[in-house]
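1. Predicted model follows, preceded by the sequence.
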Amino acid sequence: MTQTIQVGHQVPDFELEAYDPASGDFAKFSLAKQKGAGRWTVLFFYPADWTFV
Amino acid sequence: MTISRDTKFVHLAWRTHEKELGTVKYLMASDVKGDVGRMFGVLDEGSGLTLRGTFLVAPDGRLTNAEVNFFNVGRNIDELMRKFKANMYLSKKTTEACPSKWKDEGDLTLTPNARMVGKVHEALKAGGKA
């Protein structure tokens, strides 16, 4: 995927492996599921773990 | 949800050891290949690291807000919350607009129309009406 998304445009569905501190287990994030549940999503990118945020 | 290119295993270790993350409840996602970072234009191809980008996606899948900070500038929750609140408010009040001084629900908004052209100053003084 090389196209960058512009504000106001649709974000294509994607999935990511994740760690879920709430359950203490591994989980999968799915944008499609978020949308299906009628939820807003905040994506918070940062360079790497063990650095300041 | 937070995203970096670290694996979920490293996320677990970091969350467990760093006391600043003790209250973190949200998902810590792993963008190992950098595909999602690239999609949002925050992947620095030189270093392979992702810039400090924050994106808000509405329930209908629309990208409603984007903010990108360079590596050396941390994010401020008050700056972000104002934009998140404005976008969530406007998703319900689709004819209104949040001016620069808008901070939270109940603050003055504008409802742009033909009479307001060239009269924004007067509209702001008159409580957002033209």
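-> Nice, thanks for sending it over.
2. which SSE is the nearest residue in space to residue A:6 that is not next to it in sequence in?
-> Closest residue in space to residue A:6, ignoring its immediate chain neighbours: residue B:63 at 7.3 Å, by C-beta to C-beta, 6 or more residues apart in numbering or on different chains. From N, CA and C alone the C-beta is placed, and that goes for glycine too. Residue B:63 belongs to strand B:63-69 when assigned by DSSP states H and E.
3. by contact count, what packs against that strand?
-> Where contact means 3 or more C-beta pairs under 8 Å, 6 or more residues apart in numbering or on different chains; DSSP states H and E, strand B:63-69 is packed against strand B:52-57, helix B:77-92.
4. which residues touch the helix or strand just after the last one?
-> In this case it means helix B:77-92. Downstream of helix B:77-92, the first helix or strand assigned by DSSP H and E is helix B:120-125. Outside helix B:120-125, the residues that touch it by C-beta atoms under 8 Å, 6 or more residues apart in numbering or on different chains are B:99, B:108, B:110, B:116, B:129, B:130.
5. So what does the second one have for phi and psi?
-> The phi and psi torsions at residue B:108 (degrees, to the nearest 10) take the values phi -60, psi 130.
6. Got the confidence number for the residue lying closest to residue B:58 once chain neighbours are set aside?
-> Take residue B:58 and drop its neighbours on the chain: the residue closest to it by C-beta to C-beta, 6+ apart is residue B:64, 5.1 Å away. Here the pLDDT value assigned to residue B:64 is 97.
7. quick one on the thing from earlier: need the contact partners of the strand holding residue B:63.
-> A:5-11, B:40-42, B:51-58, B:75, B:79-80, B:83-84, B:87, B:91.
8. Narrow these to those that are buried.
-> A:5, A:11, B:40, B:42, B:51-58, B:80, B:83-84, B:87 (16 or more other C-beta atoms under 10 Å in any protein chain shown).
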